[in-house]
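Colleague: sequence-free structure coming up:
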């Protein structure tokens, strides 16, 4: 399997985002955007639920998840957020480019050498 380029990943994310938009085409644009943003919070809640389940913090339920489940939920949050970014930006296929720029700026603020 070849590793996709940043451009290809952005295309995948944009394609997913367009697919979601097509499924919600009957809704007003503002309602679509609210739903996309709220979905990020829902996915974040699933991360917490998976972590509670992986660590057995609910004594009534015990261990119900694995750390792999937590990782999968974290990835769902990332995909959902990046797809919402594509939606908000009109599907310009720049999600990964913008994420990379954001990571660089964050590292600069933290005074971490990017090596670039």
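Modeller: Structure's in. What do you need? Because the structure is a prediction, the values reported are computed rather than measured.

Colleague: in the protein, which ranges drop under the pLDDT threshold?
Modeller: Residues of the chain meeting the criterion pLDDT under 70: 116.

Colleague: Could you rerun that using 90?
Modeller: 1, 113-116 (pLDDT under 90).

Colleague: Please enumerate the helices of it.
Modeller: Along the chain, counting by DSSP state H, helices occupy 6-23, 29-55, 67-88, 95-109.

Colleague: in the third one, what counts as buried?
Modeller: Within helix 67-88, the residues that count as buried by 16 or more other C-beta atoms under 10 Å are 69-70, 73-74, 76-77, 79-87. Placement of C-beta: from N, CA and C, glycine included.

Colleague: Same check on the last one?
Modeller: The neighbour-count check on helix 95-109 (16+ other C-beta under 10 Å) flags 95, 96, 99 as buried.

Colleague: Over to the first one?
Modeller: Applying a neighbour-count criterion of 16+ other C-beta under 10 Å, the buried positions in helix 6-23 are 9, 10, 11, 12, 13, 14, 16, 17, 20, 21.
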